[in-house]
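[1] Predicted model follows, preceded by the sequence.
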Amino acid sequence: MTDTEWREAGDHKPWTIALVLVVAAGFLLRIWNLGSGIPYAVGIDEPAIMTTVVRILKSGSFNPHFFEYPTGYIYVQLGMATVQFLVGAMQHSWKAVEQVGPSDFYLWGRFATAAVGTATIAVVHQAALRWGARQALLAAGLLAVMPMHVRESHFVLTDVPLTFAVTLTLLLSLRASERPTLKAFVLAGAAAGLAAGIKYNGLVAVSMPLAVAFAVGARGSSRVAAALAAATACVAAFFVTTPFALIDLPAFLNGFGTQAAAFAARQPSAEPSWLVYVKHFRQALGWPASALVVAGLGLAAYRSFVGPTRVRWVLLLVFPLVFFYLINGWSYMFARYSLPMVPFLMIWGAIGTMRAIELANRARIPSAGRAAVVAAVVLAALIPATIGSLMWVWSLGVETTQAMAWKWIRSSVWRDEPIVSEARGLDLPAERYRAEIVRSVARRTPEEMEAAGVRWVILSSDAWKSRTDAERARLAPPPAYAPLMSRAQDVKVIAPSAEHPGPEIHILRLARQ
């Protein structure tokens, strides 16, 4: 069966207005509550990028002295920070780089990630057009509301930019399969190099132009020449985005080694990581869309061996299979590590959905019934993910007790005041306060803290590991905190409520000695 046999005429017509609405919806989901948690509760690993950006900004040296990530996205964030500094200077917010810190740049940095995430929706649409306009629109729609992608687009991390670069590599590899010139392979290889320059495991993206090269070769050149063109462009693009990998080779090797060492093999007794990732996908998409993704995957696997367009179907499989093999088995894992696979899943889901609709249309059902079937299948694919994304971005904007504590501290505590805190989710910015984060303040004596010049102590019910039922009911500090409570003034108590979830927080002031 050829593609045109199961694609209706409407599949060949671009739906521009619908695409604009899909992209706009995806953008709104990605910028909604974008500033939540800045600067006291930023995402894990966000400081690794932003502190490097500020260090470069203040030193004038483009050597990041940090190679656990390549510098492709770090330099993008450096550009954003530079523009923001110039805008802030014109608004009299600051007049020297010594006056700024990472917390000043998180919001603009997150906006850059949200913009890249939104652009990925459009690139997915362009790639999926090879399977039909309706498939492309639905793939874009699925990605627009995919909770995993919406969530990670809110943070200054490398996973969303990596996903964009991988998707761009897919698009350019598809074009290379259609017009196999050396230039096309160079562009596809360069996109793979960009992916590697954002995150090291992005190098797997080069599998796509290489698969095309060995399948069809370049017009007027051999398959080997096409593969060499793609590989050379990939290496060149990596070193363009991470030039100090050559200039400061020892630091690069040490950083790469540190990163590689963190991803040891998973314990045999632990739940298999492949199963964990599958559960993440299933929970994000819901059962109907997950079933359609599996159906699309099955069709892609079948069509990779049958039909005249096998190469483009192979491109839907080669990267996710190799990438999933690479990340499977790591002991250190987050759902976002699998994010570069998501665009492929969205295309699989769109193909599976339209195939299911086509099969329903072949049945002897009245036209009104067929329309109902189409609407039901599409809504079943989109609604669970949409609800998941809306719930997450809404919850992100809920004011927690940590947010209330930050507001009070910012308005009531002088800059550079010494603080000891056990509160989780309340990381005070180092450029503003001299804060020491400890697991439990109860392990420190009041005399010890007073001798160190500590002025403020922040307690959190999250740190009260062993509590009686009575203590848990009133969220009062347990007896171990009694010496401190007797020596300090409890100036602010922030209790949780239905509107303000989180731990109970006590802000204490120690007397000056």
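    Yep, that arrived.
[2] When you work out contacts or count neighbours from here on, use the C-alpha atoms and nothing else.
    Fine.
[3] For Ala380, see how far away Arg151 is.
    Counting by C-alpha to C-alpha, to the nearest Å, the gap from Arg151 to Ala380 is 21 Å.
[4] ditto for Val20
    When distance is defined by C-alpha to C-alpha, Val20 is 22 Å away from Ala380.
[5] Also Trp313?
    When Trp313 is compared with Ala380 (using C-alpha to C-alpha), they lie 25 Å apart.
[6] Neighbour count: these two, which is higher?
    Trp313 (22 against 17; other C-alpha atoms under 10 Å).
[7] can you pull the contacts of that one?
    Trp313 is in contact with 300-301, 303-304, counting by C-alpha atoms under 8 Å, 6 or more residues apart in numbering.
[8] please redo it, this time with the cut-off set to 7 Å
    By C-alpha atoms under 7 Å, 6 or more residues apart in numbering, the contact list for Trp313 reads 300, 303-304.
[9] so which of these is the most crowded?
    Top of the contacts of Trp313 by neighbour count (other C-alpha under 10 Å): Ala300, with 22 neighbours.
[10] Report the contact partners of it.
    Contacts for Ala300 (C-alpha under 7 Å, 6+ apart) come out as Trp313.
[11] That one and Leu170: what is the separation?
    Distance from Ala300 to Leu170, by C-alpha to C-alpha: 15 Å.
[12] Nearest residue to the middle of the chain?
    What sits nearest the mean C-alpha location of the chain, by C-alpha atoms, centre = their mean, is Glu152, with 3.0 Å.
[13] where does the protein have low pLDDT?
    1-14, 269-270, 465-475, 512-513 (pLDDT under 70).
[14] domains of this protein?
    Taking automatic domain parsing as the reference, the chain has its domains at 3-38+109-396, 401-510.
[15] All the strands of this protein, in order from the start?
    For the chain, strands defined by DSSP state E occupy the ranges 418-421, 434-437, 456-460, 488-494, 505-510.
[16] What pairs with the last one, parallel or antiparallel?
    What that stands for is strand 505-510. strand 456-460 (antiparallel), strand 488-494 (antiparallel) (DSSP bridges).
[17] Tell me which of those sits most buried.
    Highest mean neighbour count among those (mean count of other C-alpha atoms under 10 Å): strand 456-460, with a mean of 24.
[18] Pull out the buried residues from the biggest helix by length in the chain.
    Longest helix in the chain by number of residues (criterion: DSSP state H): helix 367-396. Going by neighbour count (16 or more other C-alpha atoms under 10 Å), the buried part of helix 367-396 is 370, 373-374, 377-378, 380-386, 388-390, 392-393, 396.
[19] Tabulate the strands paired with strand 505-510 (CSV), appending distance to Pro343.
    Shown next, in CSV, are the strands paired with strand 505-510 (distance: least, C-alpha to C-alpha, whole Å):
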stretch, distance to Pro343
strand 456-460, 41
strand 488-494, 43
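[20] so which of those strands gets nearest Trp94?
    With C-alpha to C-alpha, the closest approach to Trp94 among the strands paired with strand 505-510 belongs to strand 456-460: 27.6 Å.
[21] got a list of contacts for that closest one?
    For strand 456-460, contacts defined as C-alpha under 7 Å, 6+ apart pick out 418-423, 503-510.
[22] Name the nearest of the residues you listed relative to Leu203.
    Nearest member of the contacts of strand 456-460 to Leu203, counting by C-alpha to C-alpha, is Ala423, at 39.1 Å.
[23] need the contact list for that closest one.
    458-460.
[24] Could you single out the nearest of the residues you listed to Gln135?
    Among these, Ser460 lies closest to Gln135 (C-alpha to C-alpha), at 50.2 Å.
[25] Can you name the residues bridging to that closest one?
    Beta-bridge pairing for Ser460 (DSSP bridges): Ile505.
[26] how much space between Leu194 and Asp104?
    27 Å.
[27] Looking at the two, which is more packed in?
    Leu194 (34 against 20).
[28] got a list of what that one touches?
    Contacts of Leu194 (C-alpha under 7 Å, 6+ apart): 165, 237-238, 241.
[29] and the gap between it and Ala213?
    From Leu194 to Ala213 the distance is 19 Å (C-alpha to C-alpha).
[30] ok, back up a step: excluding chain neighbours, give the residue nearest to the residue nearest to the centre of the chain in space.
    Val160 (6.5 Å; C-alpha to C-alpha, 6 or more residues apart in numbering).
[31] cool, and Leu171?
    Ala127 (4.8 Å).
[32] With distance to Thr400 added, can I get the contacts of Ala423 in CSV?
    CSV is the format used below for the contacts of Ala423 (distance: C-alpha to C-alpha, whole Å):
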residue, distance to Thr400
Ile458, 16
Leu459, 15
Ser460, 13
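[33] What is the nearest of those to Ala435?
    Ile458 (10.1 Å).
[34] which non-adjacent residue is nearest Arg223?
    Arg223's closest residue in space is Gly217 (C-alpha to C-alpha, 6+ apart), at 3.9 Å.
[35] That neighbour - how many residues pack around it?
    Using other C-alpha under 10 Å, the number of residues around Gly217 comes to 23.
[36] Also Ala363?
    With other C-alpha under 10 Å as criterion, Ala363 counts 9.
[37] before we move on, the earlier item: is it possible to export the contacts of Leu194 to a markdown table including distance to Leu138?
    Formatted as a markdown table, the contacts of Leu194 follow (distance: C-alpha to C-alpha, whole Å):
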| residue | distance to Leu138 |
| --- | --- |
| Ala165 | 21 |
| Ala237 | 32 |
| Phe238 | 33 |
| Thr241 | 33 |
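[38] List only buried entries from those residues.
    Of the contacts of Leu194, these count as buried by 16+ other C-alpha under 10 Å: 165, 237-238, 241.
[39] Any chance you could list what contacts stretch 17-31?
    Under the contact criterion C-alpha under 7 Å, 6+ apart, stretch 17-31 has outside partners 111, 114, 118, 121-122, 137, 141, 144-145, 150, 153-154.
[40] Alpha carbons of it, as CSV, please.
    Below are the C-alpha coordinates for stretch 17-31, written out as CSV (Å, rounded to 0.1, in the frame of the first residue of the first chain):
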residue,chain,number,x,y,z
ILE,A,17,-4.5,29.2,10.0
ALA,A,18,-4.9,26.1,12.0
LEU,A,19,-1.1,25.8,12.3
VAL,A,20,-0.8,29.4,13.5
LEU,A,21,-3.4,28.7,16.2
VAL,A,22,-1.6,25.5,17.3
VAL,A,23,1.8,27.3,17.5
ALA,A,24,0.2,30.2,19.4
ALA,A,25,-1.5,27.8,21.9
GLY,A,26,1.8,26.0,22.4
PHE,A,27,3.6,29.3,23.0
LEU,A,28,1.0,30.5,25.6
LEU,A,29,1.4,27.2,27.5
ARG,A,30,5.2,27.7,27.5
ILE,A,31,5.2,31.2,28.8
